[in-house]
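K.L.:
what follows is a predicted structure for the sequence shown.
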Amino acid sequence: MDLLQTTLCSPKCPEQLQFLCAAILRERSPADSLSLSWDHVQSSQQLSLVASVLLAQGDKKEEVRSVGQHAFRVLESRQPEGPSLRHLLPVLSKVTHLAPHTLHEDQTNLLSKRLVEWLRYASVQQGVAHTSGGFFSTPRARQPGPVTEVDGAVATDFFTVLSTGQHFTEDQWLNVQAFSMLRAWLVHSGPQGPSAPDAGDRSEPEGSTLSVLSAASTASRLRPPRERLRDKAFEYCQRLVEQSTRRALRRGDADLQKACLVEAVLVLDTLCRQDPSFLYRTLSCLKALHVRLCGDPARARALLPIAQFFLSHGEAAAVDSEAILQHLFTRVPCELFHSPMLAFEFVRFCGDSLPLFGRNLDILKRSFPNLFKLLAWNSPPLTSEFVALLPWLVDASTAVEMLHALLDLPCLTAALDLQLRLSPAASERPLWDTSLRNPSCLEASRDPEFQALLQHLLRAKASGTVQRLAPLHQLLQPMTSCARVVQCAEAVPTLLQAFFSAVSQFADGALTNQLVLVLLERRDSLYQVPQYEARVHRVLSSQLLALCALHPSLVVDLAKELLEFVGSVSSVHSREAMLAAVAWAVGEYLSVSWDRRCTVEQITRFFEALEALLFEVTQSRPSAALPKCPPQVIAVLMTTLTKLASRSQDLIPRVSLFLSKMRTLAQSPAPSPVHGEEDAGAICTRATELLTLLKMPSVAQFVLTPSAEVSEPRYHRDANTALPLALRTVSRLVEKEAGLLPG
Amino acid sequence: MWTCSQPIVQRRQLVMGQKCPPGAMVHAFLIHTLRAPQAQDTGLCRVLYSCVFGAENSPDDPRPHGAERDRLLRKEQILAVARQVESMCRLQQQASGRTLMDLQPQSSDEPVPLHEAPLGAFRLAAGDPFQEPRTVVWLGVLSLGFALVLDAHENLLLAEGTLRLLARLLLDHLRLLTPSTNLLLRADRIEGILARFLPHGQLLFLNDQFVQGLEKEFSAAWPR
């Protein structure tokens, strides 16, 4: 360790060795035995390396503060044009980032002043080449020319990051670094510093004092460094916006222009927050920029910070941000859903700006079909973002449509893939899944009938209507093996959970009824991606029970539909989860204690339907097409029948007969082709328990249809009403009775 | 002058509520292995190089913990990021029906077409694995993954550009594509590149000419 430290600090050490020592020391951080001192540090590059080691220690011994203080001392002592301040600025930036409270006011002012100089007054002449001799070096140094813009023209104004040349001077370097750290520095040195998170109340008077000061100051008195920095930053951003209209000659520069645009808007946003006097000038500039960018899909990502700017400041400036948001939400996802970075930034913009939407939240909610396009195409990175976003998107008026859209999400992925294949190829590389060549549905999808359905699926806004997309599911069947579709299908159960937990916060009885109807209807009308149906059924069945628990009267409201469901289930295969859930819900909630409208006829009708179903299930022999019914479902059906019988006691004899038949069947010595031994044993036990209960009808009613007080602990502690006590009493009585009977 | 009212101040609080200010700062840079999407799950994802710029403040843990534990924690965090990047890259490649080997240039002289390399971003929630919420931008080139771990509110266009630039420089100067190169032994060169192009984690707005200038400086200081 000591050797490394000494080598690092020694003045004659070659650069490579210094870097290596620093890297090793950093790798071993945090280290208790580190003892670097500033005494031997000669060049600012060494300082930077030493700082990197110290900053990696985790700030246990206030290393960050000491680095910052030392760096500022160097800054103060050097001339502004001194060599190699280049290595210092990133250190200062990092210190500000890690420990902003360690800087004094005058240090902040000093750096602000220097930044003003570097940003605005960097040289506009190109630098001189650092050639050291050579055979053909001319005795007269060649005069360097002026810097150029990215399109080759001579620079018209001050130097910025978008100015180019053959070689660069030191201050031009500092210009680049200064802009790179500008936004962080503005935030740090603004009236609302990050070190005082609850300074929100104090920021207003502070800010107004500053602006009073600036208004009162005359031209002869210099404004405070912060204000001057803001002015220069504003000019710099405006210049960048103007420079971004030029057509860059190189691809790297074109990419940089886009990044600069985004940064310029973000800096302007920060400036307007700190000093609203910039607002009016900024608004006109950004409105013009927005118009320019609307027609340029390559720069669509820059629309996002602009939209955020208008959301933050629109109200203060009495500007309607609605038009901008409409354009953003309607056009951008449709055209650019296939770009993973845009999709990510778009969704992040939605999530981050939620508090700012205000009146415009409606636009966000109505645009959920477009947002789902981003999700359908890029499901792995965006699923967790959407789980957080869904509670804000869900609305009583669109909940049913959204549920359908979520269930059809994998189908949407397939449709988007198809759309890309059919559209005239604009880009060099195919954007769709290239492992699947020319799916057969490509031609068929041009049929007008399918076109109408496709248009509905690919709509941009919530339409308020629901269309049955079953024909489309069939059409797009060849695409169910696409990896992208499968990935989307895997994400849907999570999203459904998030949806239901959001909806149940505010859903009333009517909405719950509608949602349950959707669940019942869609159970067998899903896009057939492998394993998708099974996973969705699991979620839907648990959600069905949750919804019933919230609004028990829906069992009576939807009695007709539920009855239809039970009656229509011809084979239990792949419907087990839903069937079990429906049967359980009926058993729990179809009683007068939950809803006064429940009639004996209803109970009887359900009983008959369930009895017929159970009979069919147990009598039919399993085959390849109809695998055996799981014992859980049989148990649930038996229990439900018993519960219903306990409420309408005429049915008790029928049920008892049925149950004893079940028990005989399960106990039969012949190896049952229907159930294994364990399963048969379980069914037998359950049948016996139910039969025993039914021998004492009033107890059965008490056990199987408990009143609402059962959730109170008193119910279970009170010796007179406790359930276990009652059950024990019953069993003892029944056993005694059985013992008295002969045989 | 001040037309804003209390709600706007509150909104400002909400949006700027993050503890650390934004501003083109990278928390960590890493290079790791990427296995082909169709390959069996043999072997683990290995982190070949990582650099954390400044340390996160250690979590408020009342138990006394040594430096060793902090170091291990940092390694674990980086490995967690690498694994997530690998799975994201694999999913994206599967979804587009391509393999990473599609990027292989015809001859070793041609540059790898980095603009067509898979690139993506995802968010890491607070506490998982870093204390603060962070964003990861990643790039997959043949069998290597490059990733930048950023603060949650960053200029992603700039990060993307920087990542491509770093990948290009590392591929060129370390000749990563020739079979005999051993990345692990050349970490000092990586340090040299990072010190110039991503000093202390600061993302820089470098136009093409600046990049060329820096590259010349680097080649002069670190001869091949």
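P.N.:
That came in fine, so what should we check first?
K.L.:
pull the residues that contact the helix or strand encompassing residue B:29.
P.N.:
Assigned by DSSP states H and E, residue B:29 belongs to strand B:26-33. Strand B:26-33 is contacted from outside by B:45-54, B:56, B:78, B:81-82, B:85-86, B:130, B:134, B:143-151, B:159, B:166, B:170, B:183, B:190, B:194, B:198, B:201-203, using CB atoms under 8 Å, 6 or more residues apart in numbering or on different chains. Quick note: C-beta positions are derived from backbone N, CA and C, even for glycine.
K.L.:
does residue A:248 sit in a helix, a strand or a coil?
P.N.:
Look at residue A:248: counting by DSSP: H, G, I helix; E, B strand; the rest coil, its state is coil.
K.L.:
how far does stretch B:126-133 stretch from one end to the other?
P.N.:
This stretch, stretch B:126-133, spans 4 Å end to end (CA to CA, to the nearest Å).
K.L.:
rewinding a little: give me the buried subset of the contacts of strand B:26-33.
P.N.:
Buried members of the contacts of strand B:26-33, counted by 16 or more other CB atoms under 10 Å in any protein chain shown: B:45, B:47-54, B:56, B:78, B:81-82, B:85-86, B:130, B:134, B:144-151, B:159, B:166, B:170, B:183, B:190, B:194, B:198, B:201-203.
K.L.:
out of those, which are inside helices?
P.N.:
Residues of the buried ones among the contacts of strand B:26-33 located in helices (DSSP state H): B:78, B:81, B:82, B:85, B:86, B:159, B:166, B:170, B:190, B:194.
K.L.:
and the closest residue to the fourth one other than its chain neighbours, which of the three is it?
P.N.:
Counting by CB to CB, 6 or more residues apart in numbering or on different chains, residue B:138 is the residue found nearest to residue B:85 once chain neighbours are left out, at 4.4 Å. Classification of residue B:138 using three-state DSSP returns strand.
K.L.:
thinking residue B:138 is in contact with residue B:147, fair?
P.N.:
Yes. When contacts are counted by CB atoms under 8 Å, residue B:138 is listed as touching residue B:147 (4.3 Å).
K.L.:
okay, and the common contacts of those two?
P.N.:
Common contacts of residue B:138 and residue B:147, defined by CB under 8 Å, 6+ apart, comprise B:85, B:163.
K.L.:
got the buried residues for the helix or strand residue A:664 falls within?
P.N.:
Per DSSP H and E, residue A:664 falls inside helix A:652-667. By neighbour count on 16+ other CB under 10 Å, the buried set for helix A:652-667 is A:652, A:655, A:656, A:658, A:659, A:662, A:663, A:665, A:666.
K.L.:
list the contacts for the fifth one?
P.N.:
When contacts are counted by CB under 8 Å, 6+ apart, residue A:659 touches A:638, A:642, A:687, A:690, A:691, A:694.
K.L.:
lowest-scoring secondary structure element of the chain by mean pLDDT?
P.N.:
Looking at chain A here, since you left the chain open. Least confident helix or strand of chain A, by mean pLDDT, DSSP states H and E, is helix A:200-216 with a mean of 43.
K.L.:
tell me the confidence at residue 191?
P.N.:
Defaulting to chain A. pLDDT recorded at residue A:191 is 66.
K.L.:
I was thinking of chain B, sorry if that wasn't clear
P.N.:
88.
K.L.:
now swap in residue A:65 and tell me
P.N.:
What the model reports as pLDDT for residue A:65 is 80.
K.L.:
what number of residues lie near residue 29?
P.N.:
Just going to use chain A. As a burial measure, residue A:29 scores 21 neighbours (other CB atoms under 10 Å in any protein chain shown).
K.L.:
not quite, go with chain B.
P.N.:
When neighbours are counted by other CB under 10 Å, residue B:29 registers 22.
K.L.:
from chain A, how far off is it?
P.N.:
Applying CB to the nearest CB, to the nearest Å, the value for residue B:29 to chain A is 13 Å.
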